[in-house]
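Novice: need coordinates for the following:
(2 chains)
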Amino acid sequence: MSALAFEPVSARRRRVDKLARGTVALLTGIALVPLALILYYLIKQGMGAISLDFFTTDPTGSFLGDPGGIKSAIVGTVLMVGLATAVAVPVGVGVAIWLVEYGRASKLAHAVRYFIDVMTGVPSIVFGLFVYITLVIGGFGGSSFAGWKGSVALGLLMLPIVTRSAEVVLLLVPDSLREAAYALGAPRWKVVFRIVLPTALPGIVTGVLLAIARAAGETAPLLFTAAAVNATAFDYNDSMNSLPMLIFKNVGQAQDRLVTIAWGAAMTLVAMILILTLLARLIQRRSRLS
Amino acid sequence: MSDPTRVAVRRETPSTEDPMSSQHEPIVTPSRPVPGTPKGPARVEHQACSVTVERLNAWYGDQHSIRDLTLSFAPNQATALIGPSGSGKSTVVRCINRMHEEIPGARASGRILLDDTNVYAPDVDVVAVRRAIGMVFQKPNPFPTMSIFDNVAAGLRLTARKVGHDQVESALRGAGLWEEVKDRLSKPGIGLSGGQQQRLCIARALAVEPDVLLMDEPASALDPISTLKIEELVQELKGRVTIAIVTHNMQQAARVADQTAFMLDGELVEVGATEKIFTNPDDSRTEEYVTGKFG
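Specialist: Here you go, the predicted structure:
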């Protein structure tokens, strides 16, 4: 027999291969079903509410008459999530830089990592309760319910997500790049800000977007902090409406029109996050080409 | 055992002038070519510093990885460090520009003189040491977010100095890469081939105008043709800098080095003219290593 005569693949191996492929394809399909259904219902139920007035008028709060639009909720969500992002991202990335570049394996770094993990697991309503007890009940800053207090609760929720994801991508930056920079005589802070951070930037942005998406969809932290109002507020010391709160309020009503508004608001929320993600990707691609 | 007196004899008299002031002097002939080696630099554009390692000891945690090593690197010449894996070759060059201390738990003692200045003296700024002593690593490591131009300029920018187009061009010419990349300086550095990336890293090190260039197995991750280019480059660079090159490849040491040092288990076994080390070494362990009996 010639040495080059390979035996054909056995029928059993073919069967096992087919079975394995079939199983993973099936599991992927199952996972896609709810995702597709969610998008289908969002569009089907929400489209009916969409009109120009929907985005440009405040909710009226009347049960029988014209229910109005969702302007105050969009403005409130953008303002509160914006403030929370502006505070949580620099702090979270700062903590991650300290953990990776300075703290490393020290006892304090291990303790910080442990508490961040604990914070990640804290239910979002606990952040809301915490802010309610510390800031709302005492009337801190001269107001009870206020937009900025909602931002605090959202920021606390975002902090561990930003920190953990930033730490992971900073760890992925190869040490050989740090060595190259040190060998050129660069001081440590410059190595961090000019070499490590730019290299890790795409991953950090992904983590930040995840945190924003999570915060924008949270109802519980806003329940006892920013409350729910109908009028548009630009002052962080006033109560602010938000999309999740509006959905929460409207979806349980016995009026079909109000439920439709809830669906429309949910679709708007998903669309806003989608647009934000696309914008971030676009900017990143631009900056990498230049 | 290494004989310190033989090392001392080989030490070149360093230039009495301040090395920084003599940077752009007219061409001078090498101070004293090593007898028996035909590889001395064709011409010396810049009188570089000598490096003298005196009684160097280095540790990683409890592991004593360099023991009492004394060795000198003559100015504008290439010295190869050879020896089996784990013999401490890389550690020696990492001690010279004080990169060794960046590793957690690592420490070193002894003196390393750049001409007459001890780089381990307490009042010496480690940043200044690394500007004077450039380094090229085993794997090409251009900065992935930067263009070719920015990669070369990085060393100057990271140490708060202005960068002109001329400095970048001169560094790229010095690394033999200018002709290949002059039309695409704004393209990313990681788009180059492995060999080109390594020459980009050499250009990056040269842009800071160092006196010494440490090369830690600079060709071990490259193909034979790229390796040859790096070796030719070493010959040319001797006109500008003093070179310490760590290599696993004994043929490479024989081709590029004026002087070769053989290390074993953290100790210097023997140092001498490359020809002598490879043809008639004094120590039997050197002979066994260069003839391929172990390592």
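Novice: okay, residue 99: pLDDT?
Specialist: Going with chain A. Confidence at residue A:99, expressed as pLDDT, is 95.
Novice: switch to chain B, that's the one I care about
Specialist: pLDDT at residue B:99 comes out at 92.
Novice: likewise for residue A:32?
Specialist: Reported pLDDT for residue A:32: 96.
Novice: that one: helix or strand, and which one exactly?
Specialist: helix A:11-46 (DSSP states H and E).
Novice: what residues sit buried inside that helix?
Specialist: Using 16 or more other Cβ atoms under 10 Å in any protein chain shown as the test for burial, helix A:11-46 gives A:42, A:45-46. For every residue, glycine as well, the C-beta is placed using N, CA and C.
Novice: that one packs against which elements?
Specialist: With contacts taken as 3 or more Cβ pairs under 8 Å, 6 or more residues apart in numbering or on different chains; DSSP states H and E, helix A:11-46 sits against helix A:256-289.
Novice: what's the mean pLDDT across the helix it packs on?
Specialist: pLDDT averaged over helix A:256-289 gives 86.
Novice: what's the answer for stretch A:209-222, then?
Specialist: 92.
Novice: ends of that stretch, how far apart?
Specialist: 20 Å (Cα to Cα, to the nearest Å).
Novice: what residues sit buried inside that stretch?
Specialist: A:209, A:211-222.
Novice: contacts for it?
Specialist: Here stretch A:209-222 makes contact (Cβ atoms under 8 Å, 6 or more residues apart in numbering or on different chains) with A:77, A:80-81, A:84-85, A:88-89, A:92, A:123-125, A:127-128, A:131, A:150, A:153-158, A:161-162, A:165, A:228, A:242-245, A:247-248, A:269, A:272-273, A:276-277, A:280.
Novice: next, the angle helix A:256-289 makes with the helix holding residue A:32.
Specialist: When axes from the mean of the first three to the mean of the last three Cα atoms, to 10 degrees is applied, the directions of helix A:11-46 and helix A:256-289 differ by 120 degrees.
Novice: after helix A:11-46, heading C-terminal, what element do we hit next?
Specialist: As assigned by DSSP H and E, the chain's next helix or strand after helix A:11-46 is helix A:52-56.
Novice: average pLDDT for that next one?
Specialist: Helix A:52-56 comes out at a mean pLDDT of 90.
Novice: so which residues make contact with it?
Specialist: A:69-71, A:74, A:261, A:264, A:268.
Novice: go with 6 Å
Specialist: Under the criterion Cβ atoms under 6 Å, 6 or more residues apart in numbering or on different chains, residues A:69, A:71 lie in contact with helix A:52-56.
Novice: name the residues of that helix that are buried.
Specialist: residue A:54.
Novice: which helix or strand contains residue 112?
Specialist: You didn't say which chain, so I picked chain A. Short version: residue A:112 belongs to helix A:107-121, going by DSSP H and E.
Novice: to clarify, I was referring to chain B.
Specialist: Secondary structure (DSSP H and E) places residue B:112 in strand B:106-114.
Novice: what packs against that strand?
Specialist: strand B:51-60 (3 or more Cβ pairs under 6 Å, 6 or more residues apart in numbering or on different chains; DSSP states H and E).
Novice: helices and strands around the strand it packs on, which ones?
Specialist: Checking 3+ Cβ pairs under 6 Å, 6+ apart, strand B:51-60 ends up next to strand B:63-73, strand B:106-114.
Novice: just to revisit the earlier point, any idea of the mean pLDDT for the strand holding residue B:112?
Specialist: Rounded mean pLDDT across strand B:106-114 is 92.
Novice: now do that strand against strand B:63-73, angle only.
Specialist: 10 degrees.
Novice: beyond strand B:106-114, next helix or strand please.
Specialist: Past strand B:106-114, the next helix or strand by DSSP H and E is strand B:117-118.
Novice: for chain A, which spans come out with low pLDDT?
Specialist: Judged by pLDDT under 70, chain A has its weakly predicted residues at A:1-3, A:286-290.
Novice: re the thing from before, most packed of the helices and strands packed on strand B:51-60?
Specialist: Sort the helices and strands packed on strand B:51-60 by mean neighbour count, taking mean count of other Cβ atoms under 10 Å in any protein chain shown, and strand B:63-73 sits at the top with a mean of 19.
Novice: now do that strand: distance to the chain's middle.
Specialist: A distance of 16 Å separates the centroid of the chain from that of strand B:63-73, by Cα atoms, centre = their mean, to the nearest Å.
Novice: list the pairing partners of it within its sheet, with orientation.
Specialist: strand B:51-60 (antiparallel) (DSSP bridges).
Novice: what residues does chain A put near chain B?
Specialist: Proximity of chain A to chain B (Cβ under 6 Å from any Cβ of the partner chain) is limited to residues A:176-177, A:180, A:182-186, A:190, A:195, A:198-199.
Novice: which among these end up buried?
Specialist: With burial judged by 16+ other Cβ under 10 Å, the buried subset of those is A:177, A:180, A:182-186, A:190, A:195, A:199.
Novice: ok, which pair from those is furthest apart?
Specialist: Pairwise distances across those peak at 19.2 Å for A:185 and A:199 (criterion: Cβ to Cβ).
Novice: which ones are touching residue B:77?
Specialist: Contacts of residue B:77 by Cβ under 6 Å, 6+ apart are residue B:258.
Novice: how near is it to chain A?
Specialist: Residue B:77 sits 21 Å away from chain A, going by Cβ to the nearest Cβ, to the nearest Å.
Novice: per-residue pLDDT, that residue?
Specialist: What the model reports for residue B:77 is a pLDDT of 93.
Novice: my guess is residue A:155 meets residue A:88, correct?
Specialist: Yes - using Cβ atoms under 6 Å, residue A:155 is in contact with residue A:88, at 4.3 Å.
Novice: what does stretch A:158-165 contact?
Specialist: So stretch A:158-165 is contacted by A:84, A:88-89, A:92, A:95-96, A:116, A:119-120, A:207-208, A:211, A:215 (Cβ under 6 Å, 6+ apart).
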